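> Structural data only, the sequence is not supplied:
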């Protein structure tokens, strides 16, 4: 059960509501996000929901039978709109995020920003902290690189999404990113998710390598219930027995997530299939499956990229893809109307 | 190496070619299909391919480095056209096959045929022999049902695709089916595949539940090298750890198969995701990923179907889907031109 | 519900029992094996089981809530004993089956028979029909090889287990094998399983590459309910994402199968892990997990074997392993007493 | 290449060695652990290894072709001995760690400590920070619980292993744990692994839910190369398609890890199979597969445990198991001698 409370509810009223919830045998968690104030109540007894709805201080109350609550679509119809400082995600908008796997330096940053700008892309992806399997692999250029990137991106009015690997990185990164990305390997790093719940920037959470749909939604519930409503989910390929491609991009996740949650759903075909020549087909299939946006790896010279070159599009490939994506998104909307 | 031989090549010439191939240290398999005559030669030594190409009786010769040979795209560009008695599959055509999981009886057959006919569908699917996990489950209505179905379908000019479970069923089914279907559980039933190579009807092979892309292509190679070139492959969902849906429809298989083989690629979203309300999204995503056709479960009253009702579309759902598929196929073609 | 009937029950009595079962809303399947006569009844209503137990012609009646019935341990405690023409399997016996992946010829057969005989092994494995992914790979030496093998094995008093790939092979193989093996790829080849139910020789069924425990038990139910009670199950490794070994030998299957079924459970560590130097560790772990026997690949010169050499033990390795297995089996029994 | 340096090597000598390594085209990382001083050098050129071995300040040099280096068995034969404040792990010792899933309170702690003590167990496991899929589930009793546990454990001379979920927890937990545990969900939390490299306590790293053998070794390499040599690896079940048990305990990992690394290998059958009645069989199979120890969930009243009761042994079950484990470990040693 989700109880939406009045803004600035008085402590006495809140306390009364909490008592009533407890009397029903429910355990309530108070959640105060940057936008709203909730009680999330978990229990099993049957009762007339109006018993809560009629209480003073209650704006609305919803039964939510799912294991996750605040991210469920059972209480919030449609797709939430995430406002990234003027750039909308979800709620009928199609969002393209693109950029290199790793941020490499000023020259690379500028060439990509110029290309994105020409193609109308408003959010640039890139890693400055890289989660690498081996401790001896390139670990990213760190904060200095992020600051340079930020300075350049501002000139183009382009927003930044970048992966955060650790709680200690949240604060230093804060003034230089517009969206925090949680990678597949940290998809159930609950300490990190909890801290990101306290931040006033949107968060994109990638599905774990063998994360279930339910795991992903519960990870999002961690962030939401810690205070941050501005969340997106990202399908990026799962681990299966198949060796013909890097990961198995699971597009089934798209319609299922769209049914289960009001959060926008992004698809990452670059990691998802992991082979450049198939990225566009899977991107367009993802749009057709109903996603709200894509996150794509692009580089002026993919073969010289510091990491993931084999799955990174060149500039001409990307220009063609974004045009196709916009048309496909519009086509899908016409089909459904 | 694939050596295409002249039609009606003389034995002496063939023998000369075989000797030359053997001299190169290659092991040759003679393949005589209903359309052509080949030698498939496997070996490792390097040599000038013209040494074979210049021989009398040789029409053409191609190096094929893949483990599978005759189904590879390395020697045959584009998608093969399968002619199902006037109905084309592949080679730029979009094919919809639809029908119930199980054929149940005349009334059901007729209601579905009428619906398919109205919607321009030219191939009806349906099982008369059902591969059921439990021996106590409904095993299909068998040959009598197939004969009734055939009689009715003929009136509508609609072709029949139906699953063959065993070598012994090939012959009795022969006069009543237009396409033999090999199910996921028989995807590596090599005896069955071998026998289907001798048949003059097209064959659709489904990917095994944990079949790799390479496994599927090799299964097709069994049929082709046994004499039957008229083959299609079908992605129908693989087994993964995820429990949110029945199978994990693996659309990555579509662009990869389209790159590796000249055979048409069909997608089965009904088994693929296994939940009715997501079938259409996955079907359209499959079209966008580049498949040559779909195979869909449809029933007048899905909730009363003998099997698989939970993944079967109703008539109105199907009508809407086929219209959307045709538009999406056309849209994709425009995008690519 | 399993109803054990009196031997030579009169038709009238049987008919009465069937009527009573039908009156309860249950659907009954009559099963006549080489040993017993049953009715397997499936339904949902609750009733006093003595209502059936009291009927004339009924020897015993058992509720079995599992989806599989006759192979369930719910009605038959302990492990069934399979008598392979004097060699016992199950029921407290430890069985070693060993031999090459492929039968190659008389010399190889004899060298292995001599080695098995010296080590007290009473059942020799070997393939004469090989299920090979590629149609161009060695497909086995066929019936001639089997006949040679049979002649030689008889001299040593050693039994033969060999894989049957197709219904058409059952009859020709019949006089030359002591146990039919169903391979992983045919684990849900229901036509084959059904025909093997009519045969008077034991059958070993391997788990499919992505077969569930339940799938395997249902496959066994196919054979049992078609008339053949002499069955064994075999864990041989499943497909997972891990690439460090060929398959993932799933020893969890051993205690779980031993709980769920009265059929003997055999472990195949050779295919299971697929790397020679780890076969012994996994074999002993399998014995300790509670299996009734092992099936192991052994060859005088593994590196020259026609197939699977990389997972095949040499003679000295095998001699050491079988000694260790016997000791481990005895040790485990002492631990449990 | 691993270059072991002299203790207290002079800066000038180190610099000379680094120059020589660079001259070979190798990239060197300096690693200073609590025990030794290394250069880990990565490169591709071929050269006479004595060229490095002869340099002043070099104690020893080893080629290591694996992607991981310091944890590889290529330079360090046998199993490393981890000294947990007087309790040895590895190097021929068998180690049992046992305790509840969650630490619940003083009464529970004492009852379990007494039981472990009676059974000769020297390391107690238990979670005070629990990684729970849902934010609304019990999250552990935290530091207060840990302090109580520490106080009680000290009286029994029993060591503590407990999971650390976040970098911020390392320092506060430091004085109250003897071994830090990294859970499956944090198996690739590289920031956490890196920080644990700076700690003077042993670390046990669990394999990720879909972690490969190579992933696990690389995670260990993170800790080792950050300065902490006292490491253990733990197999705890992977995610597969099978639903008959919670996870698929992958005992194949045991002999493979024992071959690839000198680190001790621990098996967790409680999470591994996740069903109480099968834990003992899998534990003994694990010992037989060659592991150096086990980690087992035990509780006085499993059915009342705060978490994971369904996979937790009762006291009598545990007493029987530990006796069997010790006998099995001794039996295996005899077999191998």
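It's in. Predicted model, so just to flag it, every value in this text is computed and none were measured. Residues are numbered from 1 along each chain as shown, chains lettered A, B, ... in the order given.
> Which strands and helices lie in contact with the helix or strand bottoming out on mean pLDDT in chain A?
Least confident helix or strand, chain A: helix A:50-53 with a mean of 92, by mean pLDDT, DSSP states H and E. Here helix A:50-53 touches helix A:11-23, strand A:58-62, going by 3 or more CB pairs under 8 Å, 6 or more residues apart in numbering or on different chains; DSSP states H and E. Glycine gets a C-beta too; all of them are placed from N, C-alpha and C.
> and the angle from the first one to strand A:58-62?
Between helix A:11-23 and strand A:58-62, the angle comes out at 20 degrees (axes from the mean of the first three to the mean of the last three CA atoms, to 10 degrees).
> What is the neighbour count of residue A:47?
Neighbourhood size, residue A:47 [other CB atoms under 10 Å in any protein chain shown]: 13.
> what's the nearest residue to it if we skip its chain neighbours?
Leaving aside its chain neighbours, residue A:47 sits nearest to residue A:24 (5.5 Å; criterion: CB to CB, 6 or more residues apart in numbering or on different chains).
> ok, that neighbour touching residue A:46?
No: the criterion here is CB atoms under 8 Å, and residue A:24 misses it with residue A:46 at 9.6 Å.
> neighbour-wise, which of the two wins?
residue A:24 (16 against 7).
> Pretty sure residue A:159 sits against residue A:178.
Yes: under the criterion of CB under 8 Å, residue A:159 makes contact with residue A:178 at 3.9 Å.
> residues shared between the contacts of these two?
Common neighbours of residue A:159 and residue A:178, counting by CB atoms under 8 Å, 6 or more residues apart in numbering or on different chains, are A:84, A:85, A:123.
> For those residues, give me JSON lines that also has secondary structure and pLDDT.
Putting these into JSON lines (DSSP: H, G, I helix; E, B strand; the rest coil; pLDDT from 0 to 100) gives the following:
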{"residue": "A:84", "secondary structure": "strand", "pLDDT": "97"}
{"residue": "A:85", "secondary structure": "coil", "pLDDT": "93"}
{"residue": "A:123", "secondary structure": "strand", "pLDDT": "98"}
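> Mark which of these are buried, thanks.
Using 16 or more other CB atoms under 10 Å in any protein chain shown as the burial test, these include A:84, A:123 as buried.
> what's the burial count for residue A:6?
So residue A:6, with other CB under 10 Å, has 14 neighbours.
> Low-confidence bits of the stretch 101-250 of chain A, can you list those?
Applying pLDDT under 70 to the stretch 101-250 of chain A picks out no residues at all.
> any idea where the helices of it begin and end?
A:106-118, A:142-156, A:167-173, A:190-196, A:213-225 (DSSP state H, counting those that start in this stretch).
> To chain D, which of these lies closest?
helix A:190-196 (3.3 Å; CB to the nearest CB).
> my guess is residue A:103 contacts residue A:126, does it?
Yes: with contact defined as CB under 8 Å, residue A:103 and residue A:126 form a contacting pair (4.2 Å).
> Find residues that contact each of these two.
A:109, A:149, A:162.
> quick one: contacts for the last one?
Yep, that's residue A:162 we're talking about. Counted by CB under 8 Å, 6+ apart, residue A:162 has contacts A:103, A:125, A:126, A:127, A:128, A:129, A:146, A:173, A:177, A:179, A:180, A:181.
> Give me the number of neighbouring residues for the residue nearest to the second one when sequence neighbours are not counted.
Put plainly, it is residue A:125. Nearest residue to residue A:125, sequence neighbours excluded (CB to CB, 6+ apart): residue A:99, at 4.0 Å. As a burial measure, residue A:99 scores 30 neighbours (other CB under 10 Å).
> show me what contacts residue A:99?
A:112, A:116, A:124, A:125, A:126, A:297, A:298.
> Any chance of the backbone angles for it?
phi 160, psi -170 (degrees, to the nearest 10).
> Residues in a beta bridge with it, which ones?
residue A:297 (DSSP bridges).
> Please tell me how far it sits from residue A:113.
Between residue A:99 and residue A:113 the distance is 9 Å, computed by CB to CB, to the nearest Å.
> and the longest helix along chain A with helix B:315-336, angle?
As assigned by DSSP state H, the longest helix anywhere in chain A is helix A:315-336. Between helix A:315-336 and helix B:315-336, the angle comes out at 150 degrees (the same axes, to 10 degrees).
> So for helix A:315-336, mean pLDDT?
Confidence over helix A:315-336 (mean pLDDT, whole number) is 97.
> repeat for stretch A:284-291
98.
> so does that stretch get close to chain B?
Yes: using CB under 8 Å from any CB of the partner chain, stretch A:284-291 comes into contact with chain B via A:284, A:285, A:286, A:287, A:288, A:289, A:290.
> what sits against the second one?
Under the criterion of CB under 8 Å, 6+ apart, the contact list for residue A:285 reads A:251, B:251, B:254, B:285, B:286, B:288, B:289.
> Can you read off the backbone torsions of the fourth one?
Read it as residue B:285. phi -60, psi -40.
> What distance do you get for it to residue A:284?
Taken as CB to CB, the span from residue B:285 to residue A:284 is 9 Å.
> hmm, back to that, quick one: the longest helix of chain A to helix A:106-118, angle?
30 degrees.
> Counting neighbours, which bits of helix A:315-336 end up buried?
Buried, per 16+ other CB under 10 Å, within helix A:315-336: A:315, A:317, A:318, A:321, A:322, A:324, A:325, A:328, A:329, A:331, A:332, A:335.
> circling back: buried ones only from the contacts of residue A:285, please, as a PyMOL command.
Applying 16+ other CB under 10 Å to these, the buried members can be selected in PyMOL as follows:
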select buried, (chain A and resi 251) or (chain B and resi 251+254+285+286+288+289)
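> In helices, which of the contacts of residue A:285 appear?
Here DSSP H is the test, and the contacts of residue A:285 give B:254, B:285, B:286, B:288, B:289 as lying in helices.
> Redo the helices of the stretch 101-250 of chain A as a markdown table? Include mean neighbour count and distance to residue C:260.
Listed next are these as a markdown table, based on neighbours: other CB atoms under 10 Å in any protein chain shown; distance: least, CB to CB, whole Å:
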| stretch | mean neighbour count | distance to residue C:260 |
| --- | --- | --- |
| helix A:106-118 | 18 | 57 |
| helix A:142-156 | 17 | 55 |
| helix A:167-173 | 17 | 46 |
| helix A:190-196 | 24 | 36 |
| helix A:213-225 | 25 | 27 |
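> of all these, which lies closest to chain C?
Between the helices of the stretch 101-250 of chain A, helix A:213-225 lies closest to chain C; by CB to the nearest CB that is 16.3 Å.
> list the helices and strands that closest one packs on?
strand A:27-32, helix A:190-196, strand A:203-206, strand A:231-235, helix A:253-260.
> Residue A:22 - how many residues pack around it?
So residue A:22, with other CB under 10 Å, has 13 neighbours.
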